[in-house]
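K.L.:
here is my input; please provide its structure:
(one chain, ligands or ions: 1)
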Amino acid sequence: MIFDTIVIGAGHAGCEASLAVARSGFKVLLITGSIDRIAALSCNPAIGGVGKGHLVKEIDALGGEMPNIADLSGIHFKILNSSRGPAVQATRCQNDMNLYQLKMTEQIFSTNNLYIQQDNVIEILTDKDGALGVRALRSGKIYSKTIIVTVGTFLNGQIHIGDEKSSEGRIGESIVPGLSKSLKSLGFELGRFKTGTCPRLDGRTIDYSKTIKQEPEHSVAMFSFENNSPLIRQVSCHITHTNPNTHEII
Ligand SMILES: Cc1cc2nc3c(=O)[nH]c(=O)nc-3n(C[C@H](O)[C@H](O)[C@H](O)COP(=O)(O)OP(=O)(O)OC[C@H]3O[C@@H](n4cnc5c(N)ncnc54)[C@H](O)[C@@H]3O)c2cc1C
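P.N.:
Below is the predicted model of the structure:
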């Protein structure tokens, strides 16, 4: 089968891209490493904030899916910088990671023109006129003249934990080599960004009496104009701070 578009990677960008293509009436193949990890939220499952909040609002204006699903799965909403002027205020929510993934996966699987393949792309195929398709590890050659690459942090990604280093896109999700090399051989310049992540704590080990409770806000601007207020049970966040002892350990 020849597709109008192939999207590589069903993270947030890949889901929006493939939905947009399919809803415009074109046949799109979304190829992703694991269909169980479609639209997996990052380690800090927050959506919005200054900068990214604007992006999510723009996706809503363009008919995208993230804003609605962020509202549907939001468990703690807050307006950031509410004591400052409107230019720097932004909605941010914490999300139920499983619910977010489930709702986006439902959307992906129920959209016409959108085909899903669980596989890893290892090469972009080209001829002198441009893109021809991709080569995937198990499925082999698949053809389309339009290819959208949305592979997030998986291109040659590395994770450092203490002195240990491993090749992973996210923790526990290995990288299938090939695509970085293929992009490089086509003349794309590859760089690497750095991000850090928060420690995962077992809630049962935390003495909440020593934390500052942050209640959710119920009267906030939602991400989608379709929604007016939080839609599921809201929970509080709990704030702690580092101190000279933790600085010493770091
Ligand atoms: C340690 C860490 C902490 C982070 N913390 C935050 C945070 O707190 N807040 C935040 O907003 N962002 C955070 N990020 C960034 C986060 O990754 C992005 O915000 C978000 O996931 C980007 O979405 P995406 O669609 O671009 O890519 P991703 O969500 O990474 O999705 C990429 C998808 O492509 C698939 N894929 C990759 N290679 C291939 C291939 N060759 N063939 C087929 N499929 C492939 C992967 O399996 C994955 O499903 C963090 C990232 C890391 C690594």
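K.L.:
going by C-alpha atoms from here, please, whenever you check contacts or count neighbours.
P.N.:
Noted.
K.L.:
state the mean pLDDT of the helix or strand where Ala17 lies.
P.N.:
Using DSSP states H and E, Ala17 falls within helix 12-23. The pLDDT scores in helix 12-23 average 98.
K.L.:
contact partners of that helix?
P.N.:
If you take Cα atoms under 8 Å, 6 or more residues apart in numbering as the criterion, helix 12-23 is touched by 5, 7-8, 27-30, 38-40, 64-66, 104, 108, 111-114, 148-151.
K.L.:
ok, and which of these reach the ligand?
P.N.:
8, 38, 150-151 (Cα under 6 Å from any ligand atom).
K.L.:
quick one: which of those has the most company?
P.N.:
Ile8 (27 neighbours; other Cα atoms under 10 Å).
K.L.:
and that residue, bridged to which residues?
P.N.:
Ile31, Val149 (DSSP bridges).
K.L.:
as a check, name the ranges of all helices in this protein.
P.N.:
Ranges of helices within the chain are 12-23, 52-61, 66-73, 97-109, 179-185, 244-249, based on DSSP state H.
K.L.:
could you dump those helices to JSON lines with mean neighbour count?
P.N.:
Listed next are the helices of the chain as JSON lines, based on neighbours: other Cα atoms under 10 Å:
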{"stretch": "helix 12-23", "mean neighbour count": "21"}
{"stretch": "helix 52-61", "mean neighbour count": "17"}
{"stretch": "helix 66-73", "mean neighbour count": "24"}
{"stretch": "helix 97-109", "mean neighbour count": "17"}
{"stretch": "helix 179-185", "mean neighbour count": "16"}
{"stretch": "helix 244-249", "mean neighbour count": "8"}
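K.L.:
just the ones next to the ligand among the contacts of helix 12-23 now: which is nearest the ligand?
P.N.:
Val151 (3.7 Å; Cα to the nearest ligand atom).
K.L.:
give me the most central residue, this protein.
P.N.:
His12 (3.8 Å; Cα atoms, centre = their mean).
K.L.:
show me what from this structure comes close to the ligand.
P.N.:
Counting by Cα under 6 Å from any ligand atom, the chain sits next to the ligand at 8-14, 31-34, 37-38, 42-44, 119-122, 150-154, 170, 179, 195-197.
K.L.:
drop anything exposed from the residues you listed.
P.N.:
Buried residues within the residues of the chain next to the ligand, counting neighbours by 16 or more other Cα atoms under 10 Å: 8-14, 31-33, 37-38, 119-122, 150-154, 170, 179.
K.L.:
hmm, Ile239 is touching Ser209, no?
P.N.:
No - using Cα atoms under 8 Å as the test, Ile239 is too far from Ser209 to be in contact (10.8 Å).
K.L.:
quick one: Gly64 from Lys57, how far?
P.N.:
Look at Gly64 and Lys57: by Cα to Cα, to the nearest Å, they are 9 Å apart.
K.L.:
now do the contacts for Gly140.
P.N.:
Val134 are the contacts of Gly140 under Cα under 8 Å, 6+ apart.
K.L.:
next: Gly49.
P.N.:
With Cα under 8 Å, 6+ apart, Gly49 has these contacts: 80, 90-92.
K.L.:
measure Ile148 to the ligand for me?
P.N.:
Ile148 is 11 Å from the ligand, where distance means Cα to the nearest ligand atom, to the nearest Å.
K.L.:
now swap in Pro244 and tell me
P.N.:
Distance from Pro244 to the ligand, by Cα to the nearest ligand atom: 24 Å.
K.L.:
what score does that residue have for pLDDT?
P.N.:
With respect to pLDDT, Pro244 has a value of 96.
K.L.:
same check, this time on the one 5 residues further on
P.N.:
Taken from the predicted model, the pLDDT recorded for Ile249 is 86.
K.L.:
ok, Ala221 next?
P.N.:
87.
K.L.:
which non-adjacent residue is nearest it?
P.N.:
Excluding the flanking residues, the one nearest Ala221 by Cα to Cα, 6 or more residues apart in numbering is Thr91, at 6.6 Å.
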